[in-house]
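In: Output the structure for:
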Amino acid sequence: MSAPLYTSIRPGQVWLDTNGNRIHAHGGSILYVDGRFYWYGENKEKTTPGSGIWHWGVRCYSSTDLYNWEDLGLIIPPDPTDPDSPLHPAQQMDRPHIIYNRESRQYVCWLKIMGEAQTSTVLVADSLTGPYRTVKTGLRPLGMSAGDFDLVTDPHDGKAYYYFERVHSELVCADLTEDYTDLTGYYSTHFPRPHPPAVREAPAYFRRGSIHYLITSGTSWYFPNPSELACAETYHGPWTVLGDPHPGDSTGTSFRSQISSVFKHPHKKDLYIALADRWLPNVPAEVSAEAMDLFDRFFSEDASSAVDPVKEFPEQDMSQSDYVWLPLRFDGRTAYLDWTDEWRIEDHA
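Out: Reported below is the predicted structural model:
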């Protein structure tokens, strides 16, 4: 397959790398290192119905323009030979996040491992592209069951923070140790909700000036739902909920996507890009709305008599998932995401 040359971003459209293959960096984030952009995330190329493969490692791509991405391969490969390894394809590794520790000069990667009980695995490397070595497995942060998360480093003092969903309960902000591989024990709790799908997950942190922001989604498996934007003056809050940042989406599905991270362009004054996955590109918005209703009933009623929403729908082909990248528009403290079929980095200041 011949590789296309992109000159714009086209949300929701199939995105190919420079080899002409689908990009697989789901639940992804971008780092900017030495003049290049690095986009990494879950490799779902083998996650097809009936495969039993949740992931096939962490894949990374590089680019100079955010349009055209070169495949650098697996920076954290799966471990298909050991069923007990957190990197086994059936252990359900999710949402890798990598931050750089300027004191140790190491890249630190945290992984969410669902498996039988949700835990975290921590790896370190001397280079962004690896090789990574595992330093912690089976970690239960603060003794809690930890779900979706984001990692944040303060640009001034280098202190790091870990935002995670305390499964089916609330969002937690916890301080990381100086080496970023564990928690100090200091934490704060936010956005308590009674049950999914109202519980917030997929926290995406960004900072604009002195204001801290979090975009979160509801909890409804891979079915999209309304996002929620909140702001604060400190990492630990208190947080003020500002509402759904997708005001133009009447379906309540965040343009049929889930935001995984927000990236501030290093050479633009005010360009913040929300990176989102369209996990289920072939599922109509009305089906997602039906799923949301089933999730609400399943968790609010006696589960023994309620319908399990995950089992109610056919297994989906996650290898065909797409991306929805959109620039944030600011109005005072509030941020919005407006739909556009195509947009260019060069059109932003």
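
In: how near is the residue lying closest to residue 129 once chain neighbours are set aside to residue 224?
Out: Closest residue to residue 129 apart from its sequence neighbours, by C-beta to C-beta, 6 or more residues apart in numbering: residue 75 at 5.0 Å. The C-beta positions use only the backbone N, C-alpha and C, and glycine is treated the same way. Counting by C-beta to C-beta, to the nearest Å, the gap from residue 75 to residue 224 is 28 Å.

In: Same check on residue 98?
Out: Counting by C-beta to C-beta, the gap between residue 98 and residue 224 amounts to 25 Å.

In: So between those two, which is more surrounded?
Out: When residue 98 and residue 224 are compared on other C-beta atoms under 10 Å, the one with more neighbours turns out to be residue 224, at 29 against 23.

In: On the three-state scheme, the residue lying closest to the more buried one once chain neighbours are set aside is what?
Out: Across the structure, with C-beta to C-beta, 6+ apart as the measure, the residue nearest residue 224 apart from its sequence neighbours is residue 253 (4.0 Å). The local conformation at residue 253, judged by DSSP: H, G, I helix; E, B strand; the rest coil, is coil.

In: Identify the residues contacting residue 253.
Out: With contact taken as C-beta atoms under 8 Å, 6 or more residues apart in numbering, residue 253 is in contact with 224, 225, 226, 285, 288, 289.

In: Next: residue 124.
Out: With the criterion set at C-beta under 8 Å, 6+ apart, residue 124 makes contact with 104, 106, 107, 108, 109, 132, 133, 135, 181.

In: which one is it nearest to, not counting chain neighbours?
Out: Leaving aside its sequence neighbours, residue 124 sits nearest to residue 106 (C-beta to C-beta, 6+ apart; 4.8 Å).

In: Could you measure from that neighbour over to residue 343?
Out: Counting by C-beta to C-beta, the gap between residue 106 and residue 343 amounts to 35 Å.

In: Show me where the protein has its helices.
Out: Per DSSP state H, the chain carries helices over the ranges 285-300, 309-312.

In: tell me the two of the contacts of residue 253 that are most distant?
Out: Distance extremes for the contacts of residue 253: the farthest pair is 226 and 285 at 11.6 Å, using C-beta to C-beta.

In: still on that earlier bit, which one of the helices of the chain has the poorest average confidence?
Out: Between these, the one with the least mean pLDDT is helix 309-312; it has a mean of 88.

In: which ones are touching the residue nearest the centre of the chain?
Out: Closest residue to the average C-alpha location of the chain: residue 260 at 2.7 Å, with C-alpha atoms, centre = their mean. By C-beta under 8 Å, 6+ apart, the contact set of residue 260 is 26, 27, 28, 29, 41, 95, 202, 204, 275, 276, 277.

In: Check those and tell me the two furthest apart.
Out: When these are compared pair by pair using C-beta to C-beta, the farthest-apart members prove to be 26 and 204, with a separation of 13.9 Å.

In: what's the pLDDT at residue 216?
Out: On pLDDT, residue 216 comes in at 98.

In: Test my guess that it contacts residue 171.
Out: Yes: using C-beta atoms under 8 Å, residue 216 makes contact with residue 171 at a distance of 6.8 Å.

In: shared neighbours of those two, which are they?
Out: With contacts taken as C-beta under 8 Å, 6+ apart, the residues that reach both residue 216 and residue 171 are 191, 200, 203.

In: Tell me what residue 121 is bridged to.
Out: Judged by DSSP bridges, the bridge partners of residue 121 are residue 111.

In: Might you report the residue contacts of it?
Out: Applying C-beta under 8 Å, 6+ apart, the residues contacting residue 121 are 86, 87, 93, 110, 111, 113, 134, 136, 137, 138, 139.

In: Let's see the PyMOL selection covering just the buried ones among those residues.
Out: Under the burial definition 16 or more other C-beta atoms under 10 Å, those of those that qualify are selected in PyMOL by:
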select buried, resi 86+87+93+110+111+113+134+137+139
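
In: any residues in contact with both of residue 226 and residue 285?
Out: Here residue 226 and residue 285 share the contacting residues 252, 253, scored by C-beta under 8 Å, 6+ apart.

In: OK, contacts around the nearest residue to residue 245 once chain neighbours are set aside?
Out: The spatially closest residue to residue 245, leaving aside those adjacent along the chain, is residue 229, at 4.4 Å (C-beta to C-beta, 6+ apart). With contact set as C-beta under 8 Å, 6+ apart, residue 229 has these partners: 213, 214, 215, 241, 242, 243, 244, 245, 334, 335.

In: Next, the contact list for the residue nearest to the last one when sequence neighbours are not counted, please.
Out: Sequence neighbours aside, residue 328 is the residue nearest to residue 335 in space, at 4.7 Å (criterion: C-beta to C-beta, 6+ apart). Each residue near residue 328 by C-beta under 8 Å, 6+ apart is listed here: 245, 262, 272, 273, 274, 335, 336, 337.

In: can I get the contacts of residue 229 in a markdown table with neighbour count and distance to residue 310?
Out: Written out in a markdown table, the entries for the contacts of residue 229 read as follows (neighbours: other C-beta atoms under 10 Å; distance: C-beta to C-beta, whole Å):
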| residue | neighbour count | distance to residue 310 |
| --- | --- | --- |
| 213 | 22 | 30 |
| 214 | 26 | 26 |
| 215 | 29 | 24 |
| 241 | 14 | 27 |
| 242 | 18 | 30 |
| 243 | 13 | 28 |
| 244 | 17 | 24 |
| 245 | 23 | 27 |
| 334 | 14 | 34 |
| 335 | 21 | 31 |
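
In: Before I go, just wanted to say thanks for your time.
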